[in-house]
Structure formats: structure tokens, C-alpha cells
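S.K.: sequence first, predicted model second:
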Amino acid sequence: MSKIHVTATVNGDPVEFLADPRETLLDALRNHLDLTGTKEGCGTGDCGACSVTVDGTLVCSCLMLAAEANGKRVETIEGMAKEELHPLQRKFIEHAALQCGFCTPGILVAAKALLERNPDPTDTEIRYWLAGNLCRCTGYDKIVRAVQDAAAEMRQDHRGAA
Amino acid sequence: MARDDVKTGYKLIGTRPNRPDGLDKVTGRARYGADFSLPGMLWAAVVRSPHAHARIVKIDASKALALEGVKAVVTRADLPTGLTGEDLNLQDNTLAGDRALYDGHAVAAVAATSQLLAQDAARLIEVEYEVLPHVTDVDAAIAPDAPVIRPGVADYSVPEGMHGNVARYMEFGHGDVEAGFAAADVVREHTYRTEATHQGYIEPHAAVGQLGEDGRGEMWVCTQGHWYIRRMSAAVLGIEAANLRVTPSEIGGGFGGKTTIFMEPLTLALSKKAGGRPVKLVMSRSEVLRATGPTASASMDVKIGMKKDGTITAGQVYFRMQGGAFPGMSPIGEALPCAFACYDIPALKHEGIEIITNRPKAAAYRAPGSPMAAFAVESMIDELCRELNLDPIEVRLKNGAKNGSKSSYGPVYDVIGLQETLQAARAHPNYSIPLGPNQGRGVASGFWFNHGGETSVSLAIGEDGTATVSVGTPDIGGSRASIGLMVAEHLGIPYENVRVNVVETGALGVNEPTHGSRATFASGKAAIEAANQAIREMCRRAAAEWGIEPEAVEWRDGAAHPAGPNAGKHPPMTIGEIGAKMGSTGGPISGHHEVTAGGYGASFGTHVVDVEVDPETGRTTVLRYLVVQDAGTAIHPAYVEGQYQGGAAQGIGWALNEEYIYGPDGRLQNPVFLDYRIPVASDLPMIDTVIIEVPNPGHPYGVRGVGETGITPPLPAIASAIAGATGVRIRSLPCSPPKVLAAIKAAKG
């Protein structure tokens, strides 16, 4: 089966690769681009471990074909920290909001997408936004607290900058 | 609640520093099982039986092997013969022999140059089956007409006349049960059932294996215990354990399910056939659910007698548990001792049988056996409390085990914290919040033995006065942080100056897995002993420089000090100073300790849950949840809370949603997360925690394992809360909306 030439921007970097038409974006990130921070927990869009954003939209990268990423702007966990950690990343460590850490990249990417839309979410809004991201270790308590704390700090920083 | 004989007044223990592996885990850098790759690596795929029970007539791989890029196929014919006992069971589960024993049983495996090609090739391997009669339900499997699926499976313990699917029988107890029941005011007897659930770790099993024709190989694998993987893989393949080096990856959850092998030896067998090229095998979620884990399903008869004042006079249980198609995998041997472990009851009788069915080979799951046993016994005690209008915490305080109680399974408890958990639960605000319509409150206690086990740890002092600790217990939930805290406390140096590494099988003696709630306890205890050895050597170096006896030197605050005025006046010699010149004072300084750790100290907890049940739909909403558990000493309280909360969440899932559903064809009907529904964020409230600290005298810092007890009380506590909300008692998990709704309707008549 002939392969498809894909060019895209991943975490700000131009990339290109040859994708089998059946390959998912997740496969391409992990196996062609060596970006193994994005995880596969189910392959059926139920667990959210593979969450990335494509042109700013939160998607399960296991449900998107690699070829569909052509010309798109993809952001993964590897692009989340700039010179410093994103507040969400820092708060997840401080609040012990991860145990095994396998779901963490997807949850961080999803939580970042939430706070970009809603900088002051309620606990319930956080819980429903993250309902597509399974965590088997924590019971979500510390995850919700870490997201709230990061959101509060980001609001504070935003006010400080304004 | 401090005890004089356990050290207190810590500088670091009990604080909440950032975990050392946190940065890698929030940036995507941490390498999990599927994240390893090697040059020249092949990908593997597995062919699995679509039948619950079938004779394998023929396997034809010629079409697969004809594909360009397909490098190797292995079937059972490629594995050595002559294995016995559990080694044979492991080999039978790795690749089916003459019969496939469950839906999802591996039959063949193939390696090719890409994952997609391997999957294509797997579909081209033709397997001819002769379908055989099957049985998947625990009670149906011992019905007179049930097919005997593995003749001769019974061990010496099974009495004559039992069904051919019974593999094991257990019986123990004490006191006169009949006299106890006669002395009771109320005696009740019911049957309770729990369904099989899966550990549900989000990371599927993954391994990269490489094996040369000389029989020497390596494996990189996500596992709770890489020495177990080494021993089991070597046994299945007929190679020597020492020739297999196993390196653990970061692990994306295990909960007991990653303490054994499933497909790992296939990477090695394929690699050898493919000329020694490394082979990667990553399970899909459906493969994980169909062929790994799960836990047992159980059917349990309980009879308990109680006086009107709440005194329990006698208890009797008969548990039936199936652990899949292989003997020895049901946790009957844990469930029975756990059944009444929270109580001090004058007369008890325990009986149980393990049953073989056409289901996957069960694996350990967090406090194996204890949640099922608690569902049966704690539900029954709650039923009696409601019938006699007694407070469930008062009844547990009255009958609960105390320091020095002889346990229900034999040993005498040392210092335990059950009573303290009950008192704290009673005093917590959650226990007195008024309930609204359709709301109910449930209480249950839980128990886990905890575990010590084979442990080997090394510690090396750096030239700059830092310490590197090598442990063999993979870090699933913060054990690097807790071990680092204890070593830093002990050496008297900053937490940041201790690095804890999880090392491969070549670096230490045999370590049991991170299981039984043992990692922080046992690796921590051994790390402290290793630190003591290094401290002794550092004191010796200081003594030599000062020209005094080593016994005249004491260690505190990260430095050697003269022990008293007679030792002379010498300024303290810090660990940094000693480390800087150790090359010229006698060479490297390290410590090492290995032990089969005892003194692990039993774990108890008490949970209080409030639920609201929608009478229109039968849906249960958890309103608030409280976990109170004894940690001995909470080394890193945030990760102790995390264990409590995570255990409770898994127990809530088991109580409300999760179950293996088999169709009449014996196939698993819900092998995806959409249909096997674990709790999601919007299903749960915040989970309140209270850490009780009754220090364990068997650990220098009082540590008890904290990982497992938390999954145990939710099953009965939620069923009891639902009973409070609706007036109907669900005695068969899960308490799914249709089941609860049907029970409500039936009660209304």
C-alpha cells in the first residue's frame, strides 16, 4: 500500500513523514516522530491518554488518521513546557496529582485546553471536561485540586500582567 | 498517638516534597513500556482464540510467512516441553497447547517489520478449532451438568465427591459455631456475589525482548516485578534466569495485574527465531481485558449470629471463587482469612472452594480476595445492625480486633489501628451530616495483611556527600519519594541529596515485585539498614582520622561527631567531607542490605459513604466519601492520601459499574473501556481522607503498607448506603442502575 506524504507543525516545529493510510496520528507521533509522551491506553477514544490539540481543538489522536494531520498545527505534551513548566505541570507535581503518571500527559493537555476556554471553572466543570480522561490511580481528587490551583495562579498572573 | 519505642520528631518524614520522577512524568519524558525502541526492532502481534473452549486442530502460518517483511511465527510447538506445576500453567497461558481455554487465549504470535504488517500477518495465520463445551459462571461451573473443563485439576485438598471443576478446598476456624448461633438473638444467612473486575491500569502490557541463539537475552518491560518476569519467562522458554537481563520501564499502573507474565516471553521466542532482532509487543486494550488480569468472581454464603446489644456470637462462611482456567489463581486463600479479620469473634468457621472456568487466568488485584470477602461479611453485619437498630460503628468498636487480639485466621495481632479508624470515622463531620430523601449512609471496615518479602537494596555515598539508592521495586505511586525521604532523614541530609533509582535484575539480589503494599515498607526498611551500614563506615573513617575508636563516634545531622567529652574535641566531619576524600581513606563507601522482610504490620481502615439513589432510574450518585486508614507513619502524606483515594475509587467502580460480562457463547462482551466502565472524573466526589498513625513496631519509622486496604470497604459500604437510601439490599455486585431499579420495583410489589 503506497504511503502518504504528510507535512505538519508539531509543537511549533515543521515535520514531515510518510504515513500508511491506516496509521493514526498517535502512531505517527510515537513511531515516526519519536514523541512518545502521548500515550495509547485504549485505541478507541475512551481513555484520553492520547489527547493532543489539532489547530487548537482537543482530540484523541488515536481516533484521527495521520494523513488528516497534513497542514495542521499539532500540540502535544512535549510542547507544553516552554522555558519553565506550565503552571498545570507544576501544580500536578506539587499536589501529587499523579501516581503512575501514564494518564498525566493526556490530562494535562486536556486541562490546558479547558483553561484556555474557561479560566475559572467550577469543580463540576473540571470533572465533566476531564470525564474523557481516565485515571485509575488517583480517584481524581488531587487532579481536580491541581487544576483549580493552576487556574487560580494563571488568573492571578493574568491580572498582574494586565 | 506516638509510641515511645518508635522514633518521632522527624525533620523530613511527614513532609510533602515534590517526587523526584515528577518532572519526567508531567513533560512526557518518562519512558513507559511501549516507549522503548531499539535499532532493527521488529513488531509482534498475537493470534487469539475466539472460542471459550476449543481443541486446536491445526495452525497454518504459511500465508503469513509468505508476506514480505514477516520474520518469525511461534506456536506452542516452539516452546520446550516437560514443564510442571505453575511453570506449565504459565507456559499454557503464554501459548495454548492442544486446547484454547478461554476467549482471548493466545494461540500463535508473529513478528514483522512494522506493527501494521504484524497485525496483517496475524490475520493470515489460519487456526482450525474444534469447539468444546464451556462454562464461565462460578456457580454454573459446579452444577451437576457442567462440563469438566480440565480433568484432574483437583489438588490433594479437594474432598471426594466434589465437582470436577473444583481445584482446591480450604477449611479452618475456631470455637463452637453452633453454640454461638444458639446464643444469638438474631441469626441471618444470605448469599452474596461479586463479579470479576479488571485492574484497569491505563497502560497496556508492553515489552521489548531480545534473545540470541546463545540463549542470552534482554527485556525492557512494564512490570511490578522484573525478577518475577525474569524467572517466569526463563522457565517458560527453558533458558537460565541469569542469562536474561530484565529492565523495568516506568509503569503505568499495575494494581497486582503486572506481577506475572502474559505475553512477555513471546518477544523473546520471536526474537530468537528472527535471528536475535529485538521484538516489541504492545497489547491492545481488548487484549488486556480479554487475556490479562482480571480478578476472581465470587459466590459467598454467610451466616452470622448477633445479640440485641450488637455482640457477634458466631460467623460462618462458604466461599466459591473462580480464577479462570488455571488452578491456584483465585484468591480463596486470602479471601477466607480476610473475611472476619476485622473482628474478634468467639466462634468462626471458614470453608471455601476454588473453581475452574473458561475465563482468563486471574491475577492479583489490590488486596486480592479481601474486597469480595468484605462485601459478603460487612454487608451481612450491616444488615444485622439495621435489623437490630444498632449503630454500625458502635458494633464494630464492640466486636473489632484490638492490640493483642488473636486474629480470625490464627496469628495474634501486634499493634493495630482498627479501633482508632472507627473512632475517627465516628468523630468525622461526614458521619453526622443529615441525610435527605433518597439518601443513605454506609459504613464498612477493611483489612489487608500487608507484606514484607524478598528485598535487596544498595546505597552508595557520592564524592559530594549525596546518596544514591538502588531499589528493585518499581515506583508505581511515589515510592522513590518515600524511600528518599526515609534515607535523607536517616543520613541527616537534604531530601534533594538522595536519588533513588529502580534498577535492573543485574544490579541487585532478587526482589519481589511492588506488591502486597510492600515497596515503601520493605525497600524502605532495607534502605535504612543500608544507610546504617554506610553510617558505620563513615564513622569508622572519621574515627581513623581523629585517632579514636569507631565506637566513640556518633552520627547525627549528616555528620560524624565525637560521641562524648572522652572522645576528644573534634569538629563534626560532614558526609560531604567524608565523601570527598573517601578514595584516599579506604575507598568507596556504600551500604547494602538484603532480607526477607518481616514485621510488616496489619492494615485496617474504615470508610463512610453517602449516596443518593434516583428512584426513577436506579442510578446511584456518591455524594461524599470518607476514607480513614492506619498508615503506621505517613512518610509522604500526599501519596498516602493518594493510595486511599485511588483504592476507594476502584472499590466504588467495583460496587457500581464494573463487571466482566460473558455471553452464552463464552465470549467477553465488554472488552473496551466504553463498555467496561471504570469511574470517570464526573462520577466521583472529592474523597476525604483521615490518616491514622499507629506506628508499626516492625519498621524503624513505623511504616505500614497503605496501598491495598482502601479498595476493600467500598463494596459493602456502598451497598449498605443504597440499602439506607432505598430500603432494598443488593447482594450481587455491581449495583448497576437496572439492578437497583428492579429491586426497588420488586420491593414496592
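M.R.: Alright, I've got the coordinates.
S.K.: ok, the residue of chain A found nearest chain B - contacts?
M.R.: Per CB to the nearest CB, residue A:37 is where chain A lies closest to chain B, at 1.9 Å. Just so you know, the C-beta spots here come from the backbone N, C-alpha and C atoms, and that holds for glycine as well. The neighbourhood of residue A:37, defined by CB atoms under 8 Å, 6 or more residues apart in numbering or on different chains, consists of A:76, A:77, A:78, A:105, B:27, B:28, B:29.
S.K.: looking at those, which are in helices?
M.R.: A:105, B:27 (DSSP state H).
S.K.: would a markdown table of the contacts of residue A:37 with pLDDT be doable?
M.R.: Below are the contacts of residue A:37 laid out as a markdown table (pLDDT from 0 to 100):
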| residue | pLDDT |
| --- | --- |
| A:76 | 98 |
| A:77 | 98 |
| A:78 | 98 |
| A:105 | 98 |
| B:27 | 98 |
| B:28 | 98 |
| B:29 | 98 |
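S.K.: before we move on, the earlier item: how about the residue of chain A closest to chain B: what's its closest non-neighbour residue?
M.R.: Distances taken as CB to CB, 6 or more residues apart in numbering or on different chains place residue B:28 nearest to residue A:37, at 1.9 Å, with adjacent residues excluded.
S.K.: residue B:721 now?
M.R.: In this structure, residue B:721 finds its nearest non-sequential neighbour in residue B:442, 3.2 Å apart by CB to CB, 6+ apart.
S.K.: that neighbour and residue B:726 touch, don't they?
M.R.: No. Using CB atoms under 8 Å, residue B:442 is not in contact with residue B:726, being 11.9 Å away.
S.K.: ok so, going back, closest to residue B:152 out of the contacts of residue A:37?
M.R.: Relative to residue B:152, the closest of these is residue A:105; by CB to CB it sits at 49.0 Å.
S.K.: ok, the closest one - how many residues close by?
M.R.: As a burial measure, residue A:105 scores 30 neighbours (other CB atoms under 10 Å in any protein chain shown).
S.K.: and the helices in the stretch 151-300 of chain B, which stretches?
M.R.: Along the stretch 151-300 of chain B, the stretches classed as helices by DSSP state H, counting those that start in this stretch are B:177-183, B:226-237, B:264-273, B:285-291.
S.K.: include mean pLDDT when you put those into TSV, please.
M.R.: TSV is the format used below for those (pLDDT from 0 to 100):
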stretch	mean pLDDT
helix B:177-183	98
helix B:226-237	98
helix B:264-273	98
helix B:285-291	98
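S.K.: any idea how far chain A is from the closest residue to residue B:113 other than its chain neighbours?
M.R.: Leaving aside its chain neighbours, residue B:113 sits nearest to residue B:69 (4.1 Å; criterion: CB to CB, 6+ apart). Per CB to the nearest CB, to the nearest Å, residue B:69 is found 12 Å from chain A.
S.K.: identify the residues contacting residue B:69.
M.R.: Contacts for residue B:69 (CB under 8 Å, 6+ apart) come out as B:112, B:113, B:114, B:117.
S.K.: surely residue A:102 and residue A:39 touch.
M.R.: Yes. In terms of CB under 8 Å, residue A:102 counts as a neighbour of residue A:39; the distance is 5.8 Å.
S.K.: next, show the common contact partners of the two.
M.R.: Common neighbours of residue A:102 and residue A:39, counting by CB under 8 Å, 6+ apart, are A:49, B:32, B:202, B:203, B:252.
S.K.: look up the closest residue to the last one, ignoring the ones flanking it.
M.R.: When you say that, I think you mean residue B:252. The shortest distance from residue B:252 to any non-neighbouring residue, by CB to CB, 6+ apart, is to residue B:203 (2.3 Å).
S.K.: was I right to think residue B:138 contacts residue B:297?
M.R.: Yes. Shown here, residue B:138 and residue B:297 form a contact pair, counting by CB under 8 Å, at 5.0 Å.
S.K.: so what's in contact with the two at the same time?
M.R.: B:193, B:321, B:322.
S.K.: chain A next: which of those are close?
M.R.: Applying CB under 8 Å from any CB of the partner chain to these, one finds that nothing falls near chain A.
S.K.: Throw those residues into CSV and include pLDDT, distance to residue B:61 and neighbour count, thanks.
M.R.: Output for those, formatted as CSV (pLDDT from 0 to 100; distance: CB to CB, whole Å; neighbours: other CB atoms under 10 Å in any protein chain shown):
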residue, pLDDT, distance to residue B:61, neighbour count
B:193, 98, 42, 18
B:321, 98, 38, 30
B:322, 98, 33, 31
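S.K.: closest to residue B:430 among those residues?
M.R.: For the shared contacts of residue B:138 and residue B:297, the nearest to residue B:430 is residue B:193 (28.9 Å; CB to CB).
S.K.: now do the helices in chain A.
M.R.: Taking DSSP H as the test, the helices found in chain A are A:25-27, A:87-94, A:104-117, A:123-129, A:141-161.
S.K.: center of chain A, which residue is that?
M.R.: Centroid-nearest residue in chain A: residue A:109, 2.5 Å away (criterion: CA atoms, centre = their mean).
S.K.: just give the nearest non-adjacent residue to that residue, would you?
M.R.: Closest residue to residue A:109 apart from its sequence neighbours, by CB to CB, 6+ apart: residue A:51 at 4.5 Å.
S.K.: residues contacting that neighbour?
M.R.: By CB under 8 Å, 6+ apart, the residues touching residue A:51 are A:38, A:58, A:59, A:60, A:61, A:105, A:106, A:107, A:109, A:110, A:132, A:133.
S.K.: can you redo those residues as TSV with distance to residue B:376?
M.R.: Shown next, in TSV, are those (distance: CB to CB, whole Å):
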residue	distance to residue B:376
A:38	43
A:58	43
A:59	45
A:60	40
A:61	44
A:105	40
A:106	37
A:107	36
A:109	42
A:110	39
A:132	35
A:133	34
